[in-house]
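[1] pasting the structure only:
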């Protein structure tokens, strides 16, 4: 008899209807025109400047809805219920044909995406293995391979609805494929804990 153990899994939390329809629609309408920053991934992707929850009552309401889930997810990552705060927020506007290249988020511990408009099934967020350092340097990858959690190079997130959210460790690589559908508006954010303590070596994070 063989036992298979999934060692050191990476958690990803999906929360349905974190924002109600009224707040979701108001955020999309308010920030759509303010997404005037170009993105070097694609000419059909733009975003707002970096925002803080205090910059708008709408952002404050969104942050208030998100923050309790950060505590739940942080418990999975660090084994303790810590205080959390949102470090920055920004709105992404992805037009038809646009995409977001593979990337992760620096200087944070939890990152998330709030979906403000419907998302085409082919433009769901895709999460990927790190491109190097913890895997074999030669892969077995062809049409006959059965993909599973131990050999797949990427994982396509579940189909989101407006108001849904995903949380993931900030180091996790992710991307958005070419969007064949209508304009896709999301709000991304990064969060930090109040402090981390490693056997007495404690670090407090400013702004948390």
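    Everything's here; your move. As the structure is a prediction and not an experimental result, all values here were calculated from the model. Numbers count the residues shown, from 1 in each chain.
[2] Residue 113 is in contact with residue 190, isn't it?
    No. Look at residue 113 against residue 190 with CB atoms under 8 Å: they stay out of range, at 11.0 Å. In short, each C-beta sits where N, CA and C put it, glycine included.
[3] ok, then the element right after whichever strand or helix holds residue 111?
    Element membership for residue 111 (DSSP states H and E) is strand 110-115. As assigned by DSSP H and E, the chain's next helix or strand after strand 110-115 is strand 126-128.
[4] how close does the residue nearest to the spatial centre of the chain sit to residue 201?
    Nearest residue to the geometric centre of the chain (CA atoms, centre = their mean): residue 112, 3.3 Å. To residue 201, residue 112 is 28 Å away according to CB to CB, to the nearest Å.
[5] what do you get for residue 47?
    Residue 47 is 36 Å from residue 201, by CB to CB.
[6] between these two, who's got more neighbours?
    Taking neighbours as other CB atoms under 10 Å, residue 47 and residue 201 compare with residue 47 leading, 21 against 7.
[7] Might one say that that one is in contact with residue 89?
    No. With contact defined as CB under 8 Å, residue 47 does not reach residue 89; the gap is 10.6 Å.
[8] count of neighbours near residue 195?
    Neighbour tally, residue 195, other CB under 10 Å: 12.
[9] nearest residue to it other than its sequence neighbours?
    residue 204 (4.4 Å; CB to CB, 6 or more residues apart in numbering).
[10] Please name the residues that touch the closest residue to residue 194 other than its chain neighbours.
    In space, and not counting its chain neighbours, residue 194 is closest to residue 83: 3.8 Å by CB to CB, 6+ apart. Taking CB atoms under 8 Å, 6 or more residues apart in numbering, we find residue 83 in contact with 71, 193-195, 208.
[11] Those: which two are farthest apart?
    71 and 195 (13.9 Å; CB to CB).
[12] okay but residue 167 is in contact with residue 67, surely?
    No. The criterion here is CB under 8 Å, and residue 167 misses it with residue 67 at 11.3 Å.
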